[in-house]
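Q: Provided below for reference: sequence and predicted model.
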Amino acid sequence: MTGKRRAETMEANRARLITAARQAFAASGFAAASMDDLTAKAGLTRGALYHSFGSKEGLLAAVVAQVDGEMAARAQRAAAGAANAWDGLLAEATAYIEMALDPEIRRIVLLDGPAFLGDPSQWPSQNACLEVTKQAVGGLISEGIMKPVDIEAASRLLSAAAFDAALWVAASEKPHVALPKATHAFRIMAEGFLSAPPSHGA
């Protein structure tokens, strides 16, 4: 087998394992998911899993990165339909928080992710989201819409607040009740960065 063919096979195996793991983790949770069942469903061995991901946690990290990346893309699409850059920032954060109601996202990213992978601010997918937020915040500050605060500080606070709000909704016994409270509080907090008071009547 050539080096190129070997790399293609490994990548195909990774994709099959991630797909199988995503289904298993969403259905049973990370801790209860059986690696034997998961690898059998993918048509592979435990050896292939450990070769590709190093551990069960490594596989979870790959699944979280995939799902979190999809969440970011969905949130950015919500922002694209906003009337202006500020509304876009709020729409993106609100969409991200609302995804806590999605059972797959709730289980994999918001419950099992932090529990087994540690601090979300260290996840590559969250850092990618942070970079997008920094670009948006930098533009809003340069336009005078946001107060002249440190871009990274403001971006980290906004990103962390949105993620923590989603965590709260996901862990709530009544997520549909918690959601509007979370998005309302996020909006009020975020508006503290505005140079001028918002016009809610508009």
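A: Good, I have the coordinates. Everything numeric here is computed off the predicted structure, so don't read it as measured data. Numbering: from 1, shown residues only.
Q: And the residue nearest the centre of the chain, how close does it get to Asp119?
A: Using C-alpha atoms, centre = their mean, the residue of the chain that lies closest to the mean C-alpha position is Asp68, 3.3 Å off. Using C-beta to C-beta, to the nearest Å, we find Asp68 at a distance of 14 Å from Asp119. C-beta here means a position set from N, CA and C on the backbone, and glycine is covered the same way.
Q: How about the residue nearest to the centre of the chain, nearest residue that isn't a chain neighbour?
A: Nearest-residue entry for Asp68: Ser125, 3.8 Å, with adjacent residues in sequence omitted and distances by C-beta to C-beta, 6 or more residues apart in numbering.
Q: before we move on, what about Phe163?
A: Counting by C-beta to C-beta, 6+ apart, Pro120 is the residue found nearest to Phe163 once chain neighbours are left out, at 5.9 Å.
Q: So for the helix or strand the residue nearest to the centre of the chain falls within, what gets flagged as buried?
A: Element membership of Asp68, judged by DSSP states H and E, is helix 56-80. If you call a residue buried by 16 or more other C-beta atoms under 10 Å, then helix 56-80 has these buried ones: 56, 59-68, 71-72, 74-76, 78-79.
Q: Contacts for it next, please.
A: The list of residues contacting helix 56-80 from outside it, by C-beta atoms under 8 Å, 6 or more residues apart in numbering, reads 14, 17-18, 21-22, 25, 30, 35, 49, 52-53, 88-89, 91-96, 99, 104-105, 108-109, 112-113, 116-117, 123-126, 128-129, 132, 136.
Q: ChimeraX command for the buried members of those?
A: To isolate the buried subset of the contacts of helix 56-80 in ChimeraX, counting by 16+ other C-beta under 10 Å, use the following:
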select :14,17,18,21,22,25,30,49,52,53,88,89,91,92,93,94,95,96,99,105,108,109,112,113,116,117,123,125,126,129,132,136
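Q: so how far is the helix or strand that comes right after the helix holding Asp68 from its chain's centroid?
A: Stepping forward along the backbone from helix 56-80, the first helix or strand reached (DSSP H and E) is helix 85-98. Centre-to-centre, helix 85-98 and its host chain are 13 Å apart (C-alpha atoms, centre = their mean, to the nearest Å).
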